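Novice: Here is the input, now give the coordinates:
(one chain, ligands or ions: 1)
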Amino acid sequence: MTTYGRFPLALERGEGCRVWDSEGKVYLDFVAGIATCTLGHSHPALVKTITEQIQTLHHVSNLYYIPQQGALAEWLVNHSCGDRAFFCNSGAEANEGAIKLARKYAHTVLNIQEPLILTAQASFHGRTLATITATGQPKYQKNFDPLMPGFAYVPYNDIGALETAIAEIDHPQRRVAAILLESLQGEGGVRPGDRAYFQRVRDICTEKGILLIFDEVQVGMGRTGNLWGYECLGIEPDIFTSAKGLAGGIPIGALISKSFCDVFQPGDHASTFGGNPFACAAALTVCQTIEQEQLLTNVRDRGEQLRQGLKAISQRYPGLIADVRGWGLINGLELADTASVTSIDIVKGAIAQGLLLVPAGPQVVRFVPPLIVSTAEVDQALGALTRTLETLQAK
Ligand SMILES: *Cc1c(COP(=O)(O)O)cnc(C)c1O
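Specialist: This next block holds a predicted model:
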């Protein structure tokens with residue numbers, strides 16, 4: 001079905017941060033499957049793991065213990081604020097799990113008959129019915145109503161609005177049970193969370209017994225230069241989700257919670273493919289490679305290099321570029337209101353210069369390369385972007 005507006009190229013092969021199309025043309029891949037190919041393409045460690053795993057055992061039901069799943073869960077809880085993990089296959093599915101967990105907690109622990117989940121305007125949480133409802137952007141909801149009950153929206157990074165919303169919805173049977181937020185809004189335009197705002201959100205949740213849920217699907221697994229985006233804000237959520245980069249491009253999702261709010265019991269939630277040996281072995285290799293290759297340091301250094309370069313470029317095109325922002329290797333270039341081009345025009349122009357980029361809305365171009373990206377590759381991307389803007393300016 002025609003669910004994507006596609007760019008006119010077919011990619012056939014990849015190695016590291018490079019991909020080749022069906023005509024043999026090479027591109028620098030700053031999309032990485034949209035923040036998914038953590039280790040780039042054909043990373044030897046990932047190739048070895050998944051080759052060996054498929055030759056040994058690729059899928060069994062969760063009716064049995066799966067050692068790779070146990071090892072992955074152990075790594076994740078040892079490297080996060082969480083205590084328990086549930087595995088599924090995508091970001092939307094992980095968020096669905098988080099919504100179900102929060103609702104069960106609200107009913108069974110908080111005694112709320114009609115639990116409400118607050119989410120942010122301009123957020124993105126996935127494409128299932130519950131997650132498009134959680135997504136605070138009408139364009140994703142249009143024509144798909146009736147939407148799921150039990151959600152309300154607040155502006156992002158606005159503490160006054162959040163306090164008002166919680167106070168207004170304060171009824172014994174109908175109360176805020178959870179707040180679901182991204183530490184940095186990815187699809188919504190690469191908008192980093194404000195530290196003071198999030199510290200206050202954490203305090204409010206703790207005071208009122210509200211669950212704080214973080215959607216780490218895009219920014220988690222090292223992309224920000226910390227393993228998890230919440231570390232950039234100096235707080236801990238009660239529940240968080242991961243997916244995109246978790247297994248480096250093999251489908252997986254994870255729902256991770258502190259033990260106090262893990263109210264799931266056998267039969268409450270499930271996923272046929274979730275946590276299979278193949279995906280879990282791949283994810284565990286991604287986790288171990290992030291540590292062994294010290295990729296978090298690379299993310300911070302290359303991210304700094306990229307932002308400095310983008311800022312220098314933006315000063316040369318003040319009528320075109322309004323802002324450069326991001327954390328680690330998730331960065332956005334915001335176009336000026338006066339710009340005569342959209343983010344799609346820049347992405348198309350960059351393809352012609354051998355650089356793959358992805359929009360985050362009509363005003364923002366997003367840079368999410370593999371975490372292994374080198375100094376030379378960042379320089380090359382900046383060169384390709386300069387040529388792109390040069391060409392667009394001349395038109
Ligand atoms: C991509 C994304 C999702 C949805 O993930 P899928 O795997 O496409 O279902 C959810 N939340 C955030 C923040 C995302 O970036």
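Novice: residues in the stretch 51-200 of the chain within reach of the ligand, list them.
Specialist: 90-92, 95, 124-126, 182, 186-187 (C-beta under 6 Å from any ligand atom). Every C-beta, even on glycine, is put in place using the N, C-alpha and C of the backbone.
Novice: can you do 8 Å?
Specialist: 89-95, 123-128, 131, 182, 185-187 (C-beta under 8 Å from any ligand atom).
Novice: out of those, which are inside strands?
Specialist: Under the assignment DSSP state E, those contribute Gln185 to strands.
Novice: ok, the residue sitting nearest the centre point of the chain to the ligand distance?
Specialist: Among the residues of the chain, Gln218 comes closest to the average C-alpha position under C-alpha atoms, centre = their mean, at 1.0 Å. Applying C-beta to the nearest ligand atom, to the nearest Å, one obtains 3 Å for the distance of Gln218 from the ligand.
Novice: for Ile210, same thing?
Specialist: The gap separating Ile210 from the ligand is 20 Å, by C-beta to the nearest ligand atom.
Novice: mind checking the SS state of the residue nearest to the centre of the chain?
Specialist: Going by DSSP: H, G, I helix; E, B strand; the rest coil, the secondary structure assigned to Gln218 is coil.
Novice: Grab the nearest non-local neighbour of it.
Specialist: Take Gln218 and drop its neighbours on the chain: the residue closest to it by C-beta to C-beta, 6 or more residues apart in numbering is Gly186, 3.8 Å away.
Novice: Check Arg84 too.
Specialist: Distances taken as C-beta to C-beta, 6+ apart put Asp262 closest to Arg84, at 4.4 Å, once the chain neighbours are dropped.
Novice: residues in contact with stretch 65-81?
Specialist: Taking C-beta atoms under 8 Å, 6 or more residues apart in numbering as the criterion, the residues outside stretch 65-81 that touch it are 53, 60, 82-85, 87, 227-228, 230, 236-237, 240, 242, 254, 256, 258, 275-277, 280-281, 283-284, 287-288.
Novice: Quick one: mark the members of the residues you listed that sit in strands.
Specialist: 84-85, 87, 240, 242, 254, 256.
Novice: what's the closest of those residues to Gly354?
Specialist: Out of those, the one with the shortest distance to Gly354 is Ser242. That distance is 31.3 Å, counting by C-beta to C-beta.
Novice: which ones are touching the residue of the stretch 1-150 of the chain found nearest the ligand?
Specialist: Scanning the stretch 1-150 of the chain for the residue nearest the ligand gives Gly91, at 2.3 Å (criterion: C-beta to the nearest ligand atom). Listed by C-beta under 8 Å, 6+ apart, the contact partners of Gly91 are 125-126, 215, 217-218, 241, 243-244, 253.
Novice: same thing with Gly234?
Specialist: Applying C-beta under 8 Å, 6+ apart, we find Gly234 in contact with 195, 198-199.
Novice: again, but for Ala102
Specialist: Applying C-beta under 8 Å, 6+ apart to Ala102 gives the contacts 115, 117, 177-178, 180, 211, 213, 239, 261.
Novice: Confirm Gly14 sits in a strand?
Specialist: Yes: according to three-state DSSP, the state of Gly14 is that of a strand.
Novice: Any idea how many residues pack against it?
Specialist: Using other C-beta atoms under 10 Å as the criterion, Gly14 is surrounded by 20 other residues.
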